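S.K.: Curious how this folds, go ahead:
(2 chains)
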Amino acid sequence: MKIGRIKVSTLLVYLALLIITFIYVYPFLLSIANAFKYDYDAAQNPLSLIPNTWTTSAFQRLFYHSDFPIWFRNSTIVALAVTLGRVFFNSLAGYALARLEFKGRGVVFSCIVAIMAVPGVVLLIPRFLVINQVGIYDTFAGLIVPLLVDATGVFIMKNFFESVPRAVEEAARIDGASTFRTFWSVVLPMARPAVITIAILSFQGSWNELSHFIVAARSAELVNLTRGVAGLVGGGLGQGTQFPLRLGAAVLMTIPVAILFFIFQRRIMNQSTGAVKE
Amino acid sequence: MTVQASVGTTAAQAPRRRRPDGGRRRLFSGRKGGQAAAGWLFLSPTLIVLTVFMVVPIAMAVWVSVSDFSGRGSPWDANFVGFDNYAQLLSGEGLPSRQLGQALRNNLYYVLLVVPIQTAVSLGLAVLVNRRIMRGRGFFRTAFYFPSVTSSVAITVVFLFLFSATGAVNRAFSMIGVNAPNWLADPRGLGHIMLGWFGVDQAPEALRASPLLGVSWWDWLAGPSVAMTVLMMMAIFTTSGTFMLLFIAALQGISGEVSEAALVDGCTGWQRLRHVTIPMLRPTIFTVMTLGLIGTWQVFDQIYTGTQGAPGNTTMTPAFLSYQTSFVDSRWGNGAAIAFILFVIIVTMTIIQRNVLKEREVSKRKRFAVLRAKDARAAAKEVAS
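M.R.: Numbering: from 1, shown residues only, chains lettered A, B, ... in the order given. This next block holds a predicted model:
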């Protein structure tokens, strides 16, 4: 009898999970399906997963009659540059904070933690002013450099390096390797899991970033995906116009992060759990 | 090319910062002095970028918020106007003050509803997914987490479609014969709608006064508009996956023995959840609520992409208002002041919440350290979403 009860409750849990999964997944399936519909079809049958008439006209318009390819290129350049830069700078800083002994280390770390706590929204306006003053407004440098460092990444790398046994470095040091060499050829290769984590977070973060790009550039040549697609939508309030086009753009811009997510999902989800464990 | 050049200069400036003399040579020694030089050298790119793009901007924003900067030339050339910008915003008279009042009201309801619901939803998902006997846990986890990795812009586009007048949600409602509102164009507040059920359609005389930021009592009671509820659902949809992972980690930290002991004592599943699991999860609940609070006060992307504050200013948020005031209306002093007012609100509410939910078992220091680690991750997420 007990077994019977457990089975019923398990079934209920599965049923609940399936309903919730439907709510979480169906919007994405709908977006993909509606991107392949004609405008009137999307307005007439928004719920159906199969277009009455398949069409790629939304995608054709995006690729041949809009700046979408430029946006995509810009997002790619910025995301790759930010990812490389963050991996390098974060691991350098993390290593210094975890392993190198010098006066002021604790103070620096506290400062980084304090800066981490400042809400990004406070920085939006003044960042524009500084970017302008430094003379990198409306350049790739303006898009990339302010994003090159993130306190979170420094934090993750520091935690990781603290878990690496010191003996490894001692051996390298005794062999006469410089600090940078020890870091670069001995310690950093061991930090691969943490490096991959930083790379994923950085790519995803800079790919999805919006507000910084709004204030850092103006010219059409430097619009990235989030800004471009937001502009495609901007102001349109709920009227059923051009939804296939917008949804197509949203689907396309999601593909790179989705691929990254599905390749590394185990690591991404374990990282989030790992970061929380005390 | 430009990028590489500027990155190059950042790195090249590094040795100049400390020990301009032969810092590089000392690196090879591996002794204490060398370590100090190497330490500062390794930290220099991070410190320079943090200083230039985080610390200096904050200082500049403080200045701009007490200046009459109009967007032309250097902010340092603007005139000092004391606390005029703040006074204008908080006076309760004039458009800027009323706009801020409305934005704060909108966001306050957003926070009050989204934070508890997203905490409950993510906890619920974690408990459901974490059952040991279950198959396909990975699949469900992936499905619930996926919205969290996509960009807020893409999700907003999807929600604009789902909740448009001819969209999927209204189609589903009409299939079961329910007349749904035109969600994103509906400025009616939920509070007013509910008062309407009791026959209160107009502001009673007593509630006509505008005591706070130029918004009348009646309008403070409006609640979130129908349009705003769509954005709230979206927030819950996109953040619950992330917070679910935090809860799953915490659940896995609860030893099996505790739950088994409860099981042996004859507790039902619900009792176990209520009296064993949730009390043990208190630190995580605390973290999730704090992160939620910080994140929900900074709604920007969704407004920029979706509604731009419409309909009837009911989806305007302080974050977007601050941007619009500065970049569109060129009232930079006001815009910066709004950002700081928001900052003060976030800090105050976080402190209040910390005190309310204070937890004694975990030592303060330890909890702070743990919280920081999580803060960091969620901050990254918040930026990402």
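
S.K.: next helix or strand past the helix of greatest length in chain B?
M.R.: As assigned by DSSP state H, the longest helix anywhere in chain B is helix B:95-129. Beyond helix B:95-129 in the direction of the C-terminus, DSSP states H and E gives the next helix or strand as helix B:137-149.

S.K.: tell me what that next one is packed against?
M.R.: The contact analysis (3 or more C-beta pairs under 8 Å, 6 or more residues apart in numbering or on different chains; DSSP states H and E) places helix B:137-149 against helix A:2-35, helix A:243-276, helix B:95-129, helix B:226-253. For every residue, glycine as well, the C-beta is placed using N, CA and C.

S.K.: Including mean neighbour count, could those go into CSV?
M.R.: Converted to CSV, the helices and strands packed on helix B:137-149 look like this (neighbours: other C-beta atoms under 10 Å in any protein chain shown):
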stretch, mean neighbour count
helix A:2-35, 15
helix A:243-276, 20
helix B:95-129, 21
helix B:226-253, 24
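
S.K.: Report the contact partners of B:Gly241.
M.R.: Counting by C-beta atoms under 8 Å, 6 or more residues apart in numbering or on different chains, B:Gly241 makes contact with B:Ser122, B:Leu125, B:Phe144, B:Tyr145, B:Phe146, B:Pro147, B:Ser148.

S.K.: Now the two most distant members of these.
M.R.: B:Ser122 and B:Phe146 (14.3 Å; C-beta to C-beta).

S.K.: hmm, back to that, as JSON lines, the contacts of B:Gly241 with pLDDT would be great.
M.R.: Below are the contacts of B:Gly241 laid out as JSON lines (pLDDT from 0 to 100):
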{"residue": "B:Ser122", "pLDDT": "95"}
{"residue": "B:Leu125", "pLDDT": "93"}
{"residue": "B:Phe144", "pLDDT": "93"}
{"residue": "B:Tyr145", "pLDDT": "92"}
{"residue": "B:Phe146", "pLDDT": "92"}
{"residue": "B:Pro147", "pLDDT": "93"}
{"residue": "B:Ser148", "pLDDT": "91"}
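
S.K.: Can you give me the distance of A:Val107 to B:Val347?
M.R.: 22 Å (C-beta to C-beta, to the nearest Å).

S.K.: Of those two, which one has the most company?
M.R.: Each of A:Val107 and B:Val347 has its neighbours counted (other C-beta atoms under 10 Å in any protein chain shown); B:Val347 has more, 14 against 9.

S.K.: pLDDT score for the more buried one?
M.R.: Listed pLDDT for B:Val347 reads 90.

S.K.: Over to the one 10 residues further on?
M.R.: According to the per-residue confidence, B:Leu357 scores 74 in pLDDT.

S.K.: That one is in contact with B:Thr287, isn't it?
M.R.: No - between B:Leu357 and B:Thr287 there is no contact under C-beta atoms under 8 Å: 10.0 Å.

S.K.: Which one's more surrounded, these two?
M.R.: B:Thr287 (24 against 13).

S.K.: Any chance you could give me stretch A:222-230 in CSV, C-alpha atoms only?
M.R.: Below are the C-alpha coordinates for stretch A:222-230, written out as CSV (Å, rounded to 0.1, in the frame of the first residue of the first chain):
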residue,chain,number,x,y,z
LEU,A,222,28.8,50.1,-33.9
VAL,A,223,25.4,48.8,-33.1
ASN,A,224,25.5,45.4,-31.6
LEU,A,225,22.8,42.7,-31.5
THR,A,226,21.0,43.6,-28.3
ARG,A,227,20.8,47.3,-29.2
GLY,A,228,19.8,46.5,-32.8
VAL,A,229,17.1,44.1,-32.0
ALA,A,230,15.8,46.3,-29.2
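
S.K.: Report the distance from that stretch to the chain centre.
M.R.: 15 Å (C-alpha atoms, centre = their mean, to the nearest Å).

S.K.: and that stretch, anywhere near chain B?
M.R.: Yes - Stretch A:222-230 reaches chain B (C-beta under 8 Å from any C-beta of the partner chain) through A:Leu225, A:Thr226, A:Val229, A:Ala230.

S.K.: Can you list which of these are found in helices?
M.R.: A:Leu225, A:Thr226, A:Val229, A:Ala230.

S.K.: among the helices and strands of the chain, which one scores worst on average pLDDT?
M.R.: If you meant another chain, say so; for now it's chain A. Lowest mean confidence among the helices and strands of chain A (mean pLDDT, DSSP states H and E): helix A:243-276, at a mean of 80.

S.K.: Now do the contacts for residue 60.
M.R.: You didn't pick a chain, so chain A it is. With C-beta under 8 Å, 6+ apart, A:Gln60 has no contacts at all.

S.K.: my bad, the chain I had in mind was chain B
M.R.: Under the criterion of C-beta under 8 Å, 6+ apart, the neighbours of B:Met60 are A:Pro126, A:Leu129, A:Val130, B:Pro75.

S.K.: Quick check: which element contains it?
M.R.: helix B:56-65.

S.K.: Now find how far off-centre that helix is within its chain.
M.R.: 22 Å.

S.K.: again, but for stretch B:335-349
M.R.: Averaging C-alpha positions (C-alpha atoms, centre = their mean) puts stretch B:335-349 13 Å from its chain's average.

S.K.: Run a quick neighbour tally on A:Arg218.
M.R.: For A:Arg218, the count of nearby residues is 11 (other C-beta under 10 Å).

S.K.: likewise B:Thr348?
M.R.: Counted with other C-beta under 10 Å, B:Thr348 comes out at 10.

S.K.: For it, give its distance to B:Val111.
M.R.: In terms of C-beta to C-beta, B:Thr348 sits 12 Å off from B:Val111.

S.K.: mind listing what's buried in the helix holding B:Met60?
M.R.: B:Val56, B:Pro57, B:Ile58, B:Met60, B:Ala61, B:Trp63, B:Val64, B:Ser65 (16 or more other C-beta atoms under 10 Å in any protein chain shown).

S.K.: got the residues you listed as a markdown table, with pLDDT and distance to A:Phe203 columns?
M.R.: Converted to a markdown table, the buried residues of helix B:56-65 look like this (pLDDT from 0 to 100; distance: C-beta to C-beta, whole Å):
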| residue | pLDDT | distance to A:Phe203 |
| --- | --- | --- |
| B:Val56 | 90 | 27 |
| B:Pro57 | 89 | 25 |
| B:Ile58 | 88 | 27 |
| B:Met60 | 88 | 30 |
| B:Ala61 | 87 | 29 |
| B:Trp63 | 91 | 35 |
| B:Val64 | 91 | 33 |
| B:Ser65 | 91 | 34 |
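
S.K.: follow-up on the earlier one: could you identify the buried members of the contacts of B:Gly241?
M.R.: Using 16+ other C-beta under 10 Å as the burial test, the contacts of B:Gly241 include B:Ser122, B:Leu125, B:Phe144, B:Tyr145, B:Phe146, B:Pro147, B:Ser148 as buried.

S.K.: how about the first one, what does it touch?
M.R.: Taking C-beta under 8 Å, 6+ apart, we find B:Ser122 in contact with B:Thr239, B:Ser240, B:Gly241, B:Thr242, B:Phe243, B:Met244, B:Leu246, B:Phe247, B:Val288.
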